[in-house]
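Enquirer: Pasted the sequence and its predicted model underneath.
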Amino acid sequence: MTNWTQTDIPPQHGRTAVITGTGGLGYEDALALARAGAQVILAGRSPQKGAESVARIRAELPTASIRFEALDLASLASVAAFAERLGREQDSLDLLINNAAVMTPPKREETSDGFELQLGTNYLGHFALTARLLPLLRRAPHGRVVSLSSVASRAGRLDFDDLQARRTYQPMAAYSQSKLACLMFAFELQRRSETGRWGVDSVAAHPGISRTDLLHNAPGRRSAAGLARSVLWFLFQPAAQGAVPTLYAATAPAARPGHYYGPNRLGETRGHPAEARIPPQATDRSAAERLWRVSEELTGVAFPVAAQTGQTTSR
């Protein structure tokens, strides 16, 4: 994978991809996959931002097969409605990129279902979305789910006694927990897919430190994090480069199910895709199984029960 770039993406003609998040990394993922010939569904909360992203991509790629679909990951009803629409329109789904995120709102906020906003949007919304789209993914020849984590997951800790941060809310701790949950979900999904013979690959990726609007959106441009993002912009790699580990995980034949990819330089903050360092806590299988059970209870969705086949799992 040395110096793998977007120009190494194999042809994607005949494949359909759903990408959550319409700006930043999601936009770059959509542009690259559309350029490679995929049919792309860009899903996000804001129809205006979605339409603008689709228009920008069509301006660059007039023959691109791309459209926007409304999806609010902070609403389980919206997730269900999106999956139902897609189920009526599509026979199968080749690729799901769980990309959208919110980061460090200064005060504790909740999704419409009462979950802490970061856990609910970054993790639980994608957990429910993946479960609801699994039938479509299983009908694809090589269905694949890419879940985005973050370097922040290294500091993450699952607090099962206060998963929703109701007793104590610290913005960065809540973000790190949500991104650790995303990483553990990716590994557990691969294990269950192998055991249940679902035929769906699960891969994790992170973008390093990338120049997106994530720090401008929730903390705000005048927050310390927002000001750092504006003034020290040169420390953040371009969003197009930050998208490369995700695109590698999504399309490269050499990308291995159950593995984790990120940039290869300066503590994985920038560079070309490589195997990423896995936080030790992300390898705790007992915690991952507990998180899965809790997530099914909270979201009210259930994955198929994995038959015990005795197959070797990836991690």
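Expert: Good, I have the coordinates. Numbering: from 1, shown residues only.
Enquirer: mind checking the SS state of the closest residue to Thr20 other than its chain neighbours?
Expert: Distances taken as CB to CB, 6 or more residues apart in numbering place Ala100 nearest to Thr20, at 3.9 Å, with adjacent residues excluded. For the C-beta atoms, the positions are set from N, CA and C on the backbone; glycine is no exception. Under the three-state scheme (DSSP: H, G, I helix; E, B strand; the rest coil), Ala100 adopts coil.
Enquirer: before we move on, what about the one 3 residues further on?
Expert: With three-state DSSP as the basis, the three-state label of Met103 is coil.
Enquirer: I'd assumed Leu148 was in contact with it.
Expert: No: under the contact definition of CB atoms under 8 Å, Met103 does not touch Leu148, with a separation of 11.9 Å.
Enquirer: the more surrounded of those two?
Expert: Leu148 (28 against 24; other CB atoms under 10 Å).
Enquirer: thought that one was touching Cys182?
Expert: Yes: checked against CB under 8 Å, the pair Leu148 and Cys182 is within contact range at 6.4 Å.
Enquirer: Identify the contacts common to those two.
Expert: Shared contacts of Leu148 and Cys182, defined by CB atoms under 8 Å, 6 or more residues apart in numbering, are found at Asn98, Ala204.
Enquirer: Three-state assignment for Leu124, please.
Expert: Going by three-state DSSP, the secondary structure assigned to Leu124 is helix.
Enquirer: likewise Glu69?
Expert: Assigned by three-state DSSP, the conformation of Glu69 is strand.
Enquirer: That one bridge partners, please.
Expert: In this structure, Glu69 bridges to Ala43 when assessed by DSSP bridges.
Enquirer: tell me the contacts of it?
Expert: Ile41, Leu42, Ala43, Gly50, Phe82, Arg85, Leu86.
Enquirer: And for His142?
Expert: Under the criterion of CB under 8 Å, 6+ apart, the neighbours of His142 are Asp94, Gly199, Asp201.
Enquirer: switch to 10 Å and redo it
Expert: The neighbourhood of His142, defined by CB atoms under 10 Å, 6 or more residues apart in numbering, consists of Arg15, Asp94, Leu95, Gly199, Val200, Asp201, Pro253.
Enquirer: and of those residues, the nearest to Leu291?
Expert: Comparing the contacts of His142 against Leu291 with CB to CB picks out Val200 as the nearest, at 18.9 Å.
Enquirer: my guess is that closest one meets Val146, correct?
Expert: No: proximity of Val200 to Val146 does not meet the contact threshold set by CB atoms under 10 Å, at 11.4 Å.
Enquirer: Same drill for those two, tell me which one is more crowded.
Expert: Val146 (27 against 24).
Enquirer: Can you list the residue ranges for helices in the stretch 51-200 of the chain?
Expert: Using DSSP state H, counting those that start in this stretch, the helices assigned to the stretch 51-200 of the chain run over residues 76-89, 117-118, 125-139, 171-196.
Enquirer: between those helices, which one is nearest to Ala64?
Expert: helix 76-89 (17.9 Å).
Enquirer: Just the mean pLDDT for that closest one, thanks.
Expert: Averaging pLDDT along helix 76-89 gives 98.
Enquirer: then that helix to PDB, C-alphas only?
Expert: Extracted C-alpha coordinates of helix 76-89, given in PDB (Å, rounded to 0.1, in the frame of the first residue of the first chain):
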ATOM      1  CA  LEU A  76     -33.600   6.600  14.700                       C
ATOM      2  CA  ALA A  77     -36.900   7.300  12.900                       C
ATOM      3  CA  SER A  78     -34.900   9.000  10.100                       C
ATOM      4  CA  VAL A  79     -32.500   6.100   9.900                       C
ATOM      5  CA  ALA A  80     -35.400   3.700   9.600                       C
ATOM      6  CA  ALA A  81     -37.100   5.800   6.900                       C
ATOM      7  CA  PHE A  82     -33.900   6.100   4.900                       C
ATOM      8  CA  ALA A  83     -33.300   2.400   5.000                       C
ATOM      9  CA  GLU A  84     -36.900   1.700   4.000                       C
ATOM     10  CA  ARG A  85     -36.600   4.000   1.000                       C
ATOM     11  CA  LEU A  86     -33.300   2.500  -0.100                       C
ATOM     12  CA  GLY A  87     -34.800  -1.000   0.300                       C
ATOM     13  CA  ARG A  88     -37.500  -0.100  -2.100                       C
ATOM     14  CA  GLU A  89     -35.100   1.300  -4.700                       C
END
